[in-house]
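[1] how does the following fold in three dimensions:
(one chain, ligands or ions: 1)
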Amino acid sequence: MLVALPPDRGIVWKYSNGKQLAIFRGKAGLFVPKGRKGQNTGYVIKLEQTTVTFGMRFWYLCPICHRRCALLYLAGDLACRRCVNPAYESQNTTRLNYLADHIRTLRKQLWPEANWNTSDLSSGSQYRPKPKGKHWRTYETEQQRIIDLEQERERLWFKSAIALLNRQRRKNGDSKSL
Ligand SMILES: [Zn+2]
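    Take a look at the predicted model:
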């Protein structure tokens, strides 16, 4: 369930079973009460500000992993997407594997008699020669499709690598993210 909290005031979230979750804006951040009414227990979600072109932007600090995030999700407690759904990161791995397979297949189709290693993904398809008998236009279209996939894979790979490094840094007690 998605909760987009306005950072400047509290909200009351109503469940379909009639229960309510109230969130108040306090000095320290957002206060989420827990337990029975009147009891002053709960937890605080801290906010962080960053400067953007037109003023300030608010972020939530996930109460579980303390990462900065734009949205909080509700699954028992409020937390960021990674904490609520640990499968999220493995989606990247699934996509990376899919892209690798797909790129290799398309390369083999376009260059069935390649004199270079089409399954080696450390080199790109940009400067590969046109196979004999292929029309230039067809060749360029098919080649571009492969290059686009290669670029998507590279970006995603880089993103995953950074996420992995940041996890490692947090484990070592370094609060700053790359
Ligand atoms: Zn989190």
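[2] list the buried ones in the longest helix seen in the chain?
    In the chain, with assignment by DSSP state H, the single longest helix is helix 136-171. Neighbour counts over helix 136-171 (16 or more other Cβ atoms under 10 Å) mark 139, 142, 143, 146, 149, 150, 153 as buried. Placement of C-beta: from N, CA and C, glycine included.
[3] report how many residues lie close to residue 96.
    Neighbours of residue 96 under the rule other Cβ atoms under 10 Å: 16.
[4] for it, what are phi and psi?
    phi -60, psi -40 (degrees, to the nearest 10).
[5] before we move on, the earlier item: residue 78: which of the buried residues of helix 136-171 is nearest?
    residue 153 (33.5 Å; Cβ to Cβ).
[6] that closest one against residue 99, yeah?
    Yes. Because the distance of 4.2 Å satisfies Cβ atoms under 8 Å, residue 153 is recorded as touching residue 99.
[7] let me see the contact set for the residue lying closest to residue 34 once chain neighbours are set aside.
    The shortest distance from residue 34 to any non-neighbouring residue, by Cβ to Cβ, 6 or more residues apart in numbering, is to residue 42 (4.5 Å). Contacts for residue 42 (Cβ atoms under 8 Å, 6 or more residues apart in numbering) come out as 31, 32, 33, 34, 35.
[8] among the residues you listed, who's most crowded?
    Ranked by the number of neighbours (other Cβ under 10 Å), those place residue 32 first, at 20 neighbours.
[9] and it, helix, strand or coil?
    Look at residue 32: counting by DSSP: H, G, I helix; E, B strand; the rest coil, its state is strand.
[10] and residue 126, how close does it get to the ion?
    Between residue 126 and the ion the computed distance is 39 Å (Cβ to the ion, to the nearest Å).
[11] residues contacting that residue?
    So residue 126 contacts 143, 147 (Cβ under 8 Å, 6+ apart).
[12] what's the distance between it and residue 144?
    10 Å (Cβ to Cβ, to the nearest Å).
[13] cool, residue 158 as well?
    Distance from residue 158 to residue 144, by Cβ to Cβ: 21 Å.
[14] do the same with residue 155
    Taking Cβ to Cβ, one finds residue 155 at 17 Å from residue 144.
[15] which helices and strands does the longest helix of the chain pack with?
    Helix 136-171 sits against helix 87-110, with contacts defined as 3 or more Cβ pairs under 8 Å, 6 or more residues apart in numbering; DSSP states H and E.
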